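**Q** How does the following fold in three dimensions:
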Amino acid sequence: MARYKGPKSKIARKFREPIFGPDKALEKKNYPPGVHGPNKRRMKRSEYAIQLAEKQKAKYTYGILERQFSNMFKKASSKSGITGEILLQLCEMRLDNVVFRLGISPSRRGARQLVTHRHITVNGKIVNIPSYSLRVGDVVGVREKSKSLQVVTASLNSDHNVTEWLLWDSSAMSGEVKAEPSREQITENIKEQLIVELYSK
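**A** Take a look at the predicted model:
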């Protein structure tokens, strides 16, 4: 299965949330896509369908494939604590997500591209694996030769607030992971308990 590269607006409309960022199509048509438009009578969704949709929303939001997501859930389940919160923490601690959170890229998809094209370093070494799992104390930066990239400078110059669990150094164009994010610091509208219930069946 390849990574999803289709229309982002269609997926956003499916979940009725701007999971890929601001979307004018979603603002104009705040109802699921389909040939019958908003007037089609829709059957009441089952409990399983609601749980599955929440898992799909989390996967699309973070750009994670099914097998990766399943493995992350197993890892979260093996740790002590609340499984759903740990799962979201693992998603947030991915390198591509941290690059996005630091404001180096305006989107996770763009952040993934920066990582795979070897523009990003971790602790001074180039890492080109978007799913690389960061730890507290790791320093994520822009490679010296890539600091003048227009896409990077434009993103950093835009109005972007770095989340509390990261520390950004604008002069060095790098950020440090200060702590693992708490559930309150994860702003994504994901009901993680539904995902846990789905995998627990």
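
**Q** Look up phi and psi at the closest residue to residue 163 other than its chain neighbours.
**A** Once flanking residues are discounted, residue 163 sits nearest to residue 101: 5.3 Å by C-beta to C-beta, 6 or more residues apart in numbering. Glycine gets a C-beta too; all of them are placed from N, C-alpha and C. Torsion angles at residue 101 (phi, psi; degrees, to the nearest 10) stand at phi -60, psi -30.

**Q** Show the contacting residues for residue 101.
**A** Taking C-beta atoms under 8 Å, 6 or more residues apart in numbering, we find residue 101 in contact with 92, 162, 163, 166.

**Q** What is the most widely separated pair among those?
**A** For the contacts of residue 101, the farthest-apart pair by C-beta to C-beta is 92 and 162; their separation is 13.2 Å.

**Q** okay, those two: which has more neighbours?
**A** residue 92 (23 against 13; other C-beta atoms under 10 Å).

**Q** which non-adjacent residue is nearest the more buried one?
**A** residue 181 (5.0 Å).

**Q** got it, and residue 135?
**A** Among residues not flanking residue 135 along the chain, residue 177 sits closest, at 6.9 Å (C-beta to C-beta, 6+ apart).

**Q** thinking again about what came up before, you'd agree the residue nearest to residue 92 is up against residue 89?
**A** Yes: at 6.0 Å, residue 181 counts as touching residue 89 under the criterion of C-beta atoms under 8 Å.
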